[in-house]
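Colleague: need a structure here:
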Amino acid sequence: MLNGVIEAERTRLARSLLIAFLACSAVHLVLVGLDLGPYNALTKAMLMPLLAAWAAACGASRSVLAALLFSWGGDVMLSIDGAFIPGMVSFGIAHAFYVRCFVKRGAVETLKRRPVIPLLYVLVWAVALAALWPGLGDMRLPVAAYSLLLFTSAL
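Modeller: Okay, the predicted model is just below:
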C-alpha cells in the first residue's frame, strides 16, 4: 500500500515538473521571438534544471542527470561574455555522458551491424569541418573536437 502511495506521488511530481518545463519552454520561445535578451537568458537557465528534476523524478540514470547538469552549465556559460570555451567544454562533457548512456544501451553493437552509418557521419563531419575550417581561426581545434563529439553523440 505504501509503495503505491509513494509511486503515485512520484508520478504526480514528475507530471508537475514536466508541465513546469513545458511552460518555461513556451515562455522562453516567446521571449526569444520577441528578442527580449535578458529575460530569455533567465528562462533558458531554468530549462535544464527543470528537465533534470523531471528526469530524476522518473528515475533517470546518474549519467543522464550529469549530462543535463553539464548542459545547464553550458547554457549558463554561453550567456556570459567571454565564457564561450568554458560553455563549449561543459556541453562537451554533457555529450560525453550522453554517449556513455548510448554505449551502455547497446549503441556500439547496433552500429557494428550497420557500419555504413558511422562512416557516413564521419564523412559529413569532415566535409562540414573542411567548409568551416578557413574561417575558424584560433577556434579550429576546439570546434573540430567539439563537433566530432556532437557527431559521435548523434550516431
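
Colleague: pLDDT below threshold where in the protein?
Modeller: 1 (pLDDT under 70).

Colleague: and the top helix by length along it, how far out from the chain middle?
Modeller: The helix that spans the most residues within the chain, counting by DSSP state H, is helix 2-33. The chain centroid and the centroid of helix 2-33 are separated by 18 Å, computed with Cα atoms, centre = their mean, to the nearest Å.

Colleague: got it, and stretch 82-97?
Modeller: On Cα atoms, centre = their mean, the centre of stretch 82-97 falls 10 Å from that of its chain.

Colleague: going by neighbour count, list what's buried in it.
Modeller: Using 16 or more other Cβ atoms under 10 Å as the test for burial, stretch 82-97 gives 87, 88, 89, 90, 91, 92, 93, 94, 95, 96, 97. Heads up, the C-betas are built off the backbone N, CA and C, glycines and all.

Colleague: now do the contacts for the second one.
Modeller: It stands for residue 88. 74, 142, 146 (Cβ atoms under 8 Å, 6 or more residues apart in numbering).
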